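**Q** Take a look and give me a structure for this.
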Amino acid sequence: MSFLKEITDYKNTVINRLLSNQDLCKALFYKDDNFLEKESIAYTDELIYENIYPHRFIPETTAETKTYITISCTDYRPVGRSFKNGQLGIYMFTHRDLFKTDYGYTRMDYIMTKVEELMDGIRGIGLGELVFAGLNEYVVNEKFQGYVLTYRPVDFK
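**A** This is a model prediction of the structure:
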């Protein structure tokens, strides 16, 4: 299998892990301050290319108020048929009108915490165990902002 195909499979696995958490999906889909009290999302895969992108995506400043997660795989260097090195970036951002929630924390803080719980130190998402490598603020444009979490795979099985 081509190593580029493996990167695609890796991103899809990460997306499926994100979609497996109903509360995270609610935070992405619903615009209400009390998103956790809303109905479960029956077809979470419909969030793909609406709220979750397997590539870097930047909405226009005139775009609808929404919340997004985008994924970036960078700095991967093949060694033979396996990956030697790389970084997974998970970009989480929302329209500034959606930051406030009824829960005592911002929508982005909630999403960042959920994503970190799903990713850090977890095995079985493609390349081995992922470890936290960094957190930075992410300003997309004057309407959208959030965070980027960076992870590095530490072993390859």
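**Q** in this protein, which helix has the most residues?
**A** Criterion DSSP state H: the longest helix present in the chain is helix 3-19.
**Q** Mind listing what's buried along that one?
**A** Glu6, Ile7, Tyr10, Lys11, Val14, Ile15, Arg17, Leu18, Leu19 (16 or more other C-beta atoms under 10 Å). In this view, the C-beta of every residue, glycine as well, is placed from N, C-alpha and C.
**Q** Over to stretch 39-46?
**A** Ile41, Thr44.
**Q** how long is that stretch from one end to the other?
**A** The first and last residues of stretch 39-46 sit 15 Å apart, counting by C-alpha to C-alpha, to the nearest Å.
**Q** From the chain's centroid, how far away is it?
**A** Its chain's C-alpha centre and that of stretch 39-46 lie 17 Å apart, by C-alpha atoms, centre = their mean, to the nearest Å.
**Q** still on that earlier bit, out of the buried residues of helix 3-19, which one has the lowest pLDDT?
**A** Among the buried residues of helix 3-19, Glu6 carries the lowest pLDDT, at 69.
**Q** Dihedrals phi and psi, Arg107?
**A** phi -60, psi -40 (degrees, to the nearest 10).
**Q** ah, wrong one, I meant Tyr49
**A** phi 70, psi 10.
**Q** Asp33: what secondary structure?
**A** coil (DSSP: H, G, I helix; E, B strand; the rest coil).
**Q** Closest one to Asp33 out of the buried residues of helix 3-19, please.
**A** The shortest gap between Asp33 and any of these belongs to Leu18, at 21.9 Å (C-beta to C-beta).
**Q** got the contact list for that closest one?
**A** Contacts for Leu18 (C-beta atoms under 8 Å, 6 or more residues apart in numbering) come out as Leu24, Cys25, Ile52, Ile69, Val115, Leu118.
**Q** Good, wrapping up.
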